[in-house]
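Enquirer: Could you work out the structure for the sequence below:
(chains A and B)
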Amino acid sequence: MKKRIISVLSLALCLCMLMSFAGCGGGGNSAGKVGDLVLEDTAQEKLFESARGTTITHIVEGEPNDYTKTILAELEQRYGIKVKFMKMGYSEYTSKIAQMVATGSPPDTAVMTDALALNYIYANIAQPLNDYMDLEDKYWDKDILAQFTVDGKIYGVNTGDVDTFFIYYNKTLFEENNIEDPYTLYKNGEWTFDKLREIAKKATLYEDDNKTVKCHGFATWYREVFVLANGGNIIGLNTDTGMYESVVSDKKTVTGLNMIKNLAMDGSFDPAIAGYAEFPKREVAMLCERPANVVGNYDLYNTMDDEIGVVPLPKGPDADKAYAASNMIVNYVPVNAKNPVGGMAWNYYWLRRETEGYIQKDAAAVARIGKMMNEEHYGIINGYLDEATKISSKLDSLMGWSNYSASFWGGLVNDGKSAEEVVATMDNTLKSALERTIGK
Amino acid sequence: MKMSNVRKRKIAGWLFAAPWLVGMVLLFSQSLYSLIRYSFTKLTFDSVSGYTFAPLGNLFDNYKEAFMVDTIFPQRLITSLGEMLYRIPVILVFSLFIAIVLNQDFKGRGLARGVFFLPIILSSGVVSSIIKTALTSMSLGTDSSTNIFSPTVLTNALLEYGMPDKLVYTISGMISDVSDLIWSSGVPILIFLMGLLTIPTTYYEVAKVEGATGWEAFWKVTFPVISPYILVNLIYTCIDGFVSFDNSVMQYIMDVAYDNVKYSLSSAMALSYFVIIIVILVAVILLTSLFIPYGIKLGRKKEGN
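Expert: Numbering: from 1, shown residues only, chains lettered A, B, ... in the order given. Next up is the predicted model:
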C-alpha cells in the first residue's frame, strides 16, 4: 500500500513537472532559442516585427570579427534582418555622414560620442528614437538615455559599453609609504574630495633634494572628472526649457573645478602628465582612467609588477548622490535612414547580447576580460556602476572648444587662478559657443 | 599651309595644359559653384528633401560670422600667415642648400638624392598618413627621449639663461617643425636641382678664368640663373603650406564642416581663405618679379629686337 502511494505521488509529481515545462512556452515571457542561446521575448522586440525580411546598413571599420558574425547570424535568425556593412574609418565616417544624410543614403545605425552629440542632434543628423523604443525595457540604460535626450526626444541608445572613470592606485607603493588604502576608505564612507586631496599629497614623493618630484600623487587627462563626480557640468540641459545652457558658474561645477586646481597647486597633479605611461614606472601613484584604457590600451594589469588597486571617484561634497563620471558612446539612427526599425533592432540585439554576458562565450572576449582585472576589481566596478548615476559632458561638442580649452584649463591648473575667476572670464565665450553650436 | 614654329609651340602648350583645364572645368568648377552657393545660404538637413538652402537675412551673414563672431578663424588665419613668413624662407634656403650639395660630384650622390626625394615618393596619401602618424606617436611617445625633435631641454636651458620668452618659443617652434620642414622640402629641392643642372659648366669656367671665388660665382652665376626657379618654388611652397591638411586654418575649416556640421559657415571660411591665398600669391609674384630676371621676359625682349 505504502509503495503504491509513493508511486502514485511520484507519477503525480512527474506530471506536474511536465505540465510546468509545457507551460513555459505559452506564458507572457516566452523563450526563443537563438544559436546556442535562449532569449526571452520582450515587448521591445515586438516593435521590430515590421523589419522582418529587410536588410540594414551598418558602418564597420574593417572586416567584421567572429563575434560580430555570430551576432549577424543570430539577428537574422531571430528578427529576419540581414546586415550589409559599409566599410569606412571613423574620420571618413564623420566627414561623410552629413552628405549621406543629405543624399538619403546614410547607414541605418551608427555611433555618436559625447563630442559629436550636440552637433548631430541640432544639425538634424540624428533622429529621435522614441517611436522605436519600449522605454520600460530593462536593457535601455536610463542614465545614458537621459544624457542623449533633448526636449523629451531620445537621440542615442546605450551600446553595452560605458567608459566610466575610476581611480587606479599603486597598492604596493601605498603600503610601502604607509598611506591609507583608498578602497578601504571608500568602503568605510570616508572617501571624499578632501581625503583624496590629502592622500594625493602624501603619495607625492620627492627626490632627496626635497624639490624634485619623483612620483606625482594623482594624474588624469580628463579634467572635468571632479565636476561630473560632484553632479555638475559645464554645459547642461535645462529640463524646463529643453535647451542646453552654460552652467559653468553653478556651485557644483565650481567646486569640481577647484578640486582639480587644488591638486595642481598642491603639486600632487602635474597637468603635463596624463599618467598612463608614468603609472607603471611609479612616477604616478593614482591614475584616474577608464577600465577600457587601463586594460585594453595600456594593459597595466599585465605589465606592472606592483599590485594595483581600484576605487571609484569620491562623491562630490555638493552631489546629492554618487555620479559616475563617464565618456559615453551611443548608437543612433541617422535622419533619412531607409530602415530605422531594422537599425534599432541591431542596436537592441547587440546591447542585449553584451549585457547578458554572452560575449563571454567568445574566446577572444574571454581572454580580454580575463586580462582585464581580477574578480574583486570587476566586482567593485560593476557594483559602483549599478548604484551610481552615469553622467557625461558635452563640452567637446561645442564649436571651437578645442581652441578655448587650453585657456580654460590652463588658467586653472597652470596659472592657479580660482575656478570663480576662470568661470567669470569664460562664461560669455561658452554661451556664445553654445548658441552657435545649437543654432539658437 | 605650313604652321609657324610659334603657333606650333602655342598649340603644344595648350595641349599640355588641356588635361588640367578639362579637369578644372569638369570637376573643380562644380565644387567651386557649390562652395559659393553654400557660403551665401544656410544649408540645413531634413528628412523630407535631405537638405535645403534657406536664404540668409543678410547675404554676407556667414562671412560676418567667420570674421566677426568666430574668434578662432581670424586668429588662426593670422597665426598661419605668420608661420608662413618664417617657414617659406627656411624651406627655400634649406632646399637650395641641399640642391647645391646634391649637385656636387661625390660618392653616394645617387643614394643621397634618393634620401632627400623620399618625401616626394612617399607623399602619396596612405604612405604619407602612416609615416606622419608614426612621427606623431613618436612625439607623443611615452618616453620623451624617443622624440628626436623634442626641444624641451633646449627651451628650458635657454629660458634659464634669461633669453626672452618669445625668442625662445620661436626657436623651439622651429626645431619642433624640423621634420615638417624636411618633409616640405622634397619638391623644392627637385626643382632647384633641375635649375642647377641647366647651368652650363662653361659659365663657371669663365668665372674661374676671370678670377671669381666660389662665393662670387654663386652670386654672379648660380643665383641669377636659378632665380626663376626661386619664384616657382616660392609659389609652390606658399600653396603647399596654405592648403596642407596640417595647416591650422584648414583643420579648423574641416572641423567646422565635419564635426560641427556647419557647412555654410565652413564654405564662407574656405572661400575667404581661397581669396586671401590668391591675393597673397599675386602680391608675391608681383613683388618677386621686380627682383628676379625672369627668363621669359628676356626672351620676349630678344624676339622684339
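Enquirer: so where's the stretch 51-200 of chain B uncertain?
Expert: B:119-154, B:174, B:176 (pLDDT under 70).
Enquirer: The biggest helix by length in chain B and chain A in contact?
Expert: The longest helix of chain B (DSSP state H) is helix B:72-103. Yes: using C-beta under 8 Å from any C-beta of the partner chain, helix B:72-103 reaches chain A at residue B:72. Bear in mind the C-beta positions are built from the backbone N, C-alpha and C, glycine included.
Enquirer: which strands and helices sit next to the next helix-or-strand element following that helix?
Expert: Sequence-wise, the next helix or strand downstream of helix B:72-103 (DSSP states H and E) is helix B:109-121. Here helix B:109-121 is seen to pack against helix B:72-103, helix B:178-184, helix B:186-197 when contacts are counted using 3 or more C-beta pairs under 8 Å, 6 or more residues apart in numbering or on different chains; DSSP states H and E.
Enquirer: Redo those helices as JSON lines? Include distance to residue A:223 and mean neighbour count.
Expert: As requested, the helices and strands packed on helix B:109-121 are exported to JSON lines (distance: least, C-beta to C-beta, whole Å; neighbours: other C-beta atoms under 10 Å in any protein chain shown):
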{"stretch": "helix B:72-103", "distance to residue A:223": "20", "mean neighbour count": "17"}
{"stretch": "helix B:178-184", "distance to residue A:223": "29", "mean neighbour count": "18"}
{"stretch": "helix B:186-197", "distance to residue A:223": "40", "mean neighbour count": "20"}
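Enquirer: And these: which comes nearest residue A:98?
Expert: Distance to residue A:98, taken as C-beta to C-beta, is lowest for helix B:72-103 among the helices and strands packed on helix B:109-121, at 19.7 Å.
Enquirer: now for that closest one, which elements pack on it?
Expert: Using 3+ C-beta pairs under 8 Å, 6+ apart: helix B:72-103 touches helix B:109-121, helix B:165-176, helix B:178-184, helix B:186-197, helix B:223-243, helix B:248-254, helix B:263-291.
Enquirer: ok, and what's touching the fourth one?
Expert: When you say that, I think you mean helix B:186-197. Outside of helix B:186-197, the residues within contact range by C-beta atoms under 8 Å, 6 or more residues apart in numbering or on different chains are B:91-92, B:95-96, B:98-100, B:102-103, B:113, B:116-120, B:123, B:222, B:225-226, B:228-229, B:232-233, B:236-237, B:240.
Enquirer: Residues of chain A that sit close to chain B?
Expert: Contacts of chain A with chain B, taken as C-beta under 8 Å from any C-beta, map to A:94-95, A:98, A:101-104, A:115-116, A:119-120, A:123-125, A:127, A:276-277, A:335-336, A:397, A:399-400, A:402-403, A:429, A:432, A:436-437.
Enquirer: Which of the residues you listed fall within helices?
Expert: Using DSSP H, the residues of chain A next to chain B in helices are A:94-95, A:98, A:101-102, A:115-116, A:119-120, A:402-403, A:429, A:432, A:436-437.
Enquirer: How about the residues of the stretch 1-150 of chain B by chain A?
Expert: Within the stretch 1-150 of chain B, the positions adjacent to chain A are B:44-47, B:50-51, B:65, B:69-72, B:142-143 by C-beta under 8 Å from any C-beta.
Enquirer: how does it look with 6 Å?
Expert: For the stretch 1-150 of chain B, the contact set with chain A under C-beta under 6 Å from any C-beta of the partner chain comprises B:45-47, B:50-51, B:72, B:142.
Enquirer: Just the buried ones among those, please.
Expert: Buried members of these, counted by 16 or more other C-beta atoms under 10 Å in any protein chain shown: B:45, B:50-51, B:72.
Enquirer: which of those lies closest to residue A:261?
Expert: Distances from residue A:261 to these, taken by C-beta to C-beta, are shortest for residue B:72, at 24.9 Å.
Enquirer: which residues touch the residue nearest to the spatial centre of chain A?
Expert: The residue lying closest to the centre of chain A (C-alpha atoms, centre = their mean) is residue A:162, at 2.2 Å. Neighbouring residues of residue A:162 by C-beta atoms under 6 Å, 6 or more residues apart in numbering or on different chains: residue A:326.
Enquirer: hmm, try it at 8 Å
Expert: Neighbours of residue A:162 in contact, by C-beta under 8 Å, 6+ apart: A:141, A:144, A:324, A:326, A:328, A:385, A:390.
Enquirer: From residue A:343, how far off is it?
Expert: Separation of residue A:162 from residue A:343 (C-beta to C-beta, to the nearest Å) stands at 21 Å.
Enquirer: cool, and residue B:206?
Expert: Computed as C-beta to C-beta, the residue B:206 to residue A:343 distance reads 78 Å.
Enquirer: Which one's more surrounded, these two?
Expert: residue A:343 (29 against 13; other C-beta atoms under 10 Å in any protein chain shown).
Enquirer: count of residues packed around residue A:376?
Expert: 11.
Enquirer: Check residue A:56 too.
Expert: Other residues close to residue A:56 by other C-beta under 10 Å number 26.
Enquirer: That one in helix, strand or coil?
Expert: On the three-state scheme (DSSP: H, G, I helix; E, B strand; the rest coil), residue A:56 is labelled strand.
Enquirer: What score does residue A:10 have for pLDDT?
Expert: Listed pLDDT for residue A:10 reads 45.
Enquirer: still on that earlier bit, of the helices and strands packed on helix B:109-121, which is nearest residue B:282?
Expert: Comparing those against residue B:282 with C-beta to C-beta, the closest turns out to be helix B:72-103 (15.1 Å).
Enquirer: Now do the closest one: distance to the chain's middle.
Expert: 8 Å (C-alpha atoms, centre = their mean, to the nearest Å).
Enquirer: Now do it against helix B:223-243, angle only.
Expert: 140 degrees (axes from the mean of the first three to the mean of the last three C-alpha atoms, to 10 degrees).
Enquirer: List the buried residues of stretch A:271-282.
Expert: Quick answer for stretch A:271-282 (16+ other C-beta under 10 Å): A:271, A:273-280, A:282.
Enquirer: Dump those to TSV, plus pLDDT and distance to residue B:109.
Expert: Below are the buried residues of stretch A:271-282 laid out as TSV (pLDDT from 0 to 100; distance: C-beta to C-beta, whole Å):
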residue	pLDDT	distance to residue B:109
A:271	92	49
A:273	91	46
A:274	90	45
A:275	91	49
A:276	89	46
A:277	89	42
A:278	93	46
A:279	94	50
A:280	92	47
A:282	95	51
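Enquirer: Nearest to residue B:78 among those?
Expert: Nearest member of those to residue B:78, counting by C-beta to C-beta, is residue A:271, at 26.9 Å.
Enquirer: Need the pLDDT of the residue nearest to the closest one when sequence neighbours are not counted.
Expert: Using C-beta to C-beta, 6 or more residues apart in numbering or on different chains and skipping residues adjacent in sequence, the residue nearest residue A:271 is residue A:413, 4.2 Å away. Per-residue confidence at residue A:413 stands at 90 (pLDDT).
Enquirer: surely residue A:413 meets residue A:267?
Expert: No: applying C-beta atoms under 8 Å as the test, residue A:413 and residue A:267 come out as separate, 11.7 Å apart.
Enquirer: quick one: which of the two has more around it?
Expert: Between residue A:413 and residue A:267, counting by other C-beta under 10 Å, residue A:413 is the more crowded of the two (22 against 14).
Enquirer: Now do the same contact list for that one.
Expert: A:223, A:260-261, A:264, A:269, A:271.
Enquirer: low pLDDT regions in chain A?
Expert: A:1-38, A:296, A:357-373, A:440.
Enquirer: how does it look with 50?
Expert: Applying pLDDT under 50 to chain A picks out residues A:1, A:5-6, A:8-31, A:359-361.
Enquirer: per-domain residue ranges of it.
Expert: Using automatic domain parsing, the domains assigned to chain A come out as A:33-162+A:328-361, A:164-326+A:389-438.
Enquirer: The longest one: end-to-end distance?
Expert: Right, the one you point to is domain A:164-326+A:389-438. 26 Å (C-alpha to C-alpha, to the nearest Å).
Enquirer: picking up where we left off before, among the helices and strands packed on helix B:72-103, which comes closest to residue B:5?
Expert: helix B:223-243 (22.4 Å).
Enquirer: Dump that closest one to PDB, keeping only the CA atoms.
Expert: Coordinates of the C-alpha atoms in helix B:223-243 are reproduced here as PDB (Å, rounded to 0.1, in the frame of the first residue of the first chain):
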ATOM      1  CA  PHE B 223      71.800  82.700 -58.300                       C
ATOM      2  CA  PRO B 224      70.800  84.700 -61.400                       C
ATOM      3  CA  VAL B 225      70.300  81.600 -63.500                       C
ATOM      4  CA  ILE B 226      68.200  79.800 -60.900                       C
ATOM      5  CA  SER B 227      66.300  82.800 -59.800                       C
ATOM      6  CA  PRO B 228      63.200  81.900 -61.900                       C
ATOM      7  CA  TYR B 229      63.200  78.600 -60.100                       C
ATOM      8  CA  ILE B 230      63.100  80.600 -56.800                       C
ATOM      9  CA  LEU B 231      59.800  82.100 -58.000                       C
ATOM     10  CA  VAL B 232      58.400  78.800 -58.900                       C
ATOM     11  CA  ASN B 233      59.400  77.300 -55.600                       C
ATOM     12  CA  LEU B 234      58.100  80.300 -53.700                       C
ATOM     13  CA  ILE B 235      54.700  79.900 -55.300                       C
ATOM     14  CA  TYR B 236      54.800  76.100 -54.800                       C
ATOM     15  CA  THR B 237      55.800  76.400 -51.100                       C
ATOM     16  CA  CYS B 238      53.100  79.000 -50.500                       C
ATOM     17  CA  ILE B 239      50.400  76.900 -51.900                       C
ATOM     18  CA  ASP B 240      51.700  73.700 -50.300                       C
ATOM     19  CA  GLY B 241      51.800  75.400 -46.900                       C
ATOM     20  CA  PHE B 242      48.400  77.100 -47.100                       C
ATOM     21  CA  VAL B 243      46.400  74.100 -48.300                       C
END
